[in-house]
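K.L.:
What follows is a protein structure lacking sequence information:
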């Protein structure tokens, strides 16, 4: 057991895949507190959090045992993503079961934006989307990152960006264009969805 405690998450996954059940116990004890806290924070219901927590580890066990675990060096992120997907699935199912028929109303409920507010699923998807975009921005060349930050996070016009960076407006526009193209390419490469739909 002492040897297992000094192993990395990846080594533990390999050991578990090879039949060492104690390796998974170490993984579980290492990550259960933070994972359960994340799930509870998202669903705000202890019984539901318990269910999703158990389902998360069951899914992880099946995936590892079937040899389909491929996230190198990112076990914590991988297990959190499983939990996240299960939470989204739960709220999506809830929403479908609690859908109100639109037929009995004189006006169209579904097209009245004043009656809409983001549900938990939409908030989670939006948070994930913003997180993904932030990570993509970090991988851009400095000049493109600078223009993108000034435009979207500081709300500057391209003329103001050009003045601040000492380049022409066309250069600032070009850098923005390349930033967006590079982000789209990276999103495709990493199979990220950069859309709320």
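P.N.:
That came through fine. These numbers were taken from a predicted model, which means no experiment stands behind them.

K.L.:
all helices of the protein, in order?
P.N.:
Taking DSSP state H as the test, the helices found in the chain are 2-5, 9-17, 21-43, 46-65, 75-97, 120-138, 142-148, 158-165, 169-189.

K.L.:
So which elements touch the last one?
P.N.:
Yep, that's helix 169-189 we're talking about. Contacts defined by 3 or more CB pairs under 8 Å, 6 or more residues apart in numbering; DSSP states H and E place helix 169-189 against helix 120-138, helix 142-148, helix 158-165. Any C-beta I mention is one placed from the backbone N, CA and C, and that applies to glycine too.

K.L.:
Turn those into CSV, columns for mean neighbour count.
P.N.:
Shown next, in CSV, are the helices and strands packed on helix 169-189 (neighbours: other CB atoms under 10 Å):
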stretch, mean neighbour count
helix 120-138, 14
helix 142-148, 18
helix 158-165, 16
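
K.L.:
Comparing the helices of the chain by mean pLDDT, which bottoms out?
P.N.:
Comparing mean pLDDT across the helices of the chain, the weakest is helix 120-138, with a mean of 70.

K.L.:
right, and residue 140 touches residue 148 too?
P.N.:
Yes. In terms of CB atoms under 8 Å, residue 140 counts as a neighbour of residue 148; the distance is 6.8 Å.

K.L.:
Can you check which residues contact both of those two?
P.N.:
Counting by CB atoms under 8 Å, 6 or more residues apart in numbering, the shared contacts of residue 140 and residue 148 are residue 179.

K.L.:
Compute the number of surrounding residues for residue 93.
P.N.:
Here the number of neighbours of residue 93 (other CB atoms under 10 Å) works out to 10.

K.L.:
Begin at 18 from now on, thanks
P.N.:
New numbering, starting at 18: the last item is residue 110.

K.L.:
Tell me the spacing between it and residue 104.
P.N.:
11 Å (CB to CB, to the nearest Å).

K.L.:
now swap in residue 38 and tell me
P.N.:
Applying CB to CB, the value for residue 38 to residue 104 is 27 Å.

K.L.:
Who has more neighbours out of these two?
P.N.:
residue 104 (21 against 9).

K.L.:
so what's the more buried one closest to, chain neighbours aside?
P.N.:
Counting by CB to CB, 6 or more residues apart in numbering, the nearest residue to residue 104 once its immediate chain neighbours are dropped is residue 59, at 5.2 Å.

K.L.:
Contact partners for residue 102?
P.N.:
Here residue 102 is in contact with no residue (CB under 8 Å, 6+ apart).

K.L.:
how does this protein divide into domains?
P.N.:
The chain breaks down into these domains under automatic domain parsing: 18-116, 134-214.

K.L.:
hmm, back to that, and of the helices and strands packed on helix 186-206, who's closest to residue 203?
P.N.:
helix 137-155 (5.2 Å; CB to CB).

K.L.:
ok, residue 169 - how many residues close by?
P.N.:
Using other CB under 10 Å, residue 169 is surrounded by 13 other residues.
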